[in-house]
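Trainee: predicted model and sequence follow; I will ask about them next.
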Amino acid sequence: MIPFAKSTVKRLEEAHEDIKLICYKVNEVSEIPFDVSCCYRSLSDQHKEFLRGNSTVDGINNRGKHNCRPSEAVDIYCYTEKWKTSYSVHQMAYLAGVFRAVSQQLHEIGKTNHLIRWGGNWDSDGVIITDQEFDDLPHFELVKV
């Protein structure tokens with residue numbers, strides 16, 4: 001296990017306890033190192049991300065899981081073997097599987113009240129939506145069970 005960067009530890013202080021626990025557990029078991037680039041996001045920053053095309057949530061008419069305190073979402077990035085930042089589809093998909101497995105395991109043993117939804121498949125109640133127009137591969141958010 002490679003420890004999180006100090007910036008990730010600080011960002012996770014703004015996270016809901018369930019997503020924080022899931023992130024730390026995924027970091028323990030994942031073969032791919034990652035860090036958190038965003039947790040809580042102000043409505044102003046949310047609107048900027050919307051204008052850049054990085055979100056479908058505009059921060060004016062609707063709010064996302066980044067916009068509550070504690071934050072119910074994280075955005076992550078991976079590292080290549082040479083420690084360069086990466087948003088590789090293969091790495092993100094691998095981590096999505098680990099996030100999902102860890103969240104299910106922690107929920108089954110009563111450690112969390114939520115599961116994880118990944119912005120790469122936007123499933124709803126276990127049904128994978130494959131025609132979603134917006135993929136947000138770095139995004140992971142809590143969903144109530």
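Mentor: Great, that's in hand.
Trainee: those helices in the protein, which residues are they?
Mentor: Assigned by DSSP state H, the chain shows helices spanning 6-12, 17-29, 43-51, 89-108.
Trainee: residues contacting residue 65?
Mentor: The neighbourhood of residue 65, defined by CB atoms under 8 Å, 6 or more residues apart in numbering, consists of 71-73, 141-142. Heads up, the C-betas are built off the backbone N, CA and C, glycines and all.
Trainee: which one of the helices of the chain lies closest to residue 67?
Mentor: Go through those one by one with CB to CB and the one that ends up closest to residue 67 is helix 43-51, at 5.5 Å.
Trainee: what are the C-alpha coordinates of that closest one, in PDB please?
Mentor: Taking C-alpha atoms only, helix 43-51 is exported to PDB below (Å, rounded to 0.1, in the frame of the first residue of the first chain):
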ATOM      1  CA  LEU A  43     -21.600  25.900  -5.900                       C
ATOM      2  CA  SER A  44     -19.500  28.500  -7.700                       C
ATOM      3  CA  ASP A  45     -16.800  25.900  -8.500                       C
ATOM      4  CA  GLN A  46     -19.500  23.500  -9.500                       C
ATOM      5  CA  HIS A  47     -20.900  26.000 -12.000                       C
ATOM      6  CA  LYS A  48     -17.300  26.500 -13.400                       C
ATOM      7  CA  GLU A  49     -17.000  22.700 -13.900                       C
ATOM      8  CA  PHE A  50     -20.400  22.700 -15.700                       C
ATOM      9  CA  LEU A  51     -19.300  25.500 -18.000                       C
END
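Trainee: from residue 59, how far off is the residue lying closest to residue 58 once chain neighbours are set aside?
Mentor: Closest residue to residue 58 apart from its sequence neighbours, by CB to CB, 6 or more residues apart in numbering: residue 50 at 4.4 Å. Plainly put, residue 50 is 6 Å away from residue 59 if you go by CB to CB, to the nearest Å.
Trainee: so for these two, which residue has more residues nearby?
Mentor: Residue environment comparison for residue 50 versus residue 59 gives the larger neighbour count to residue 59, 21 against 18, counting by other CB atoms under 10 Å.
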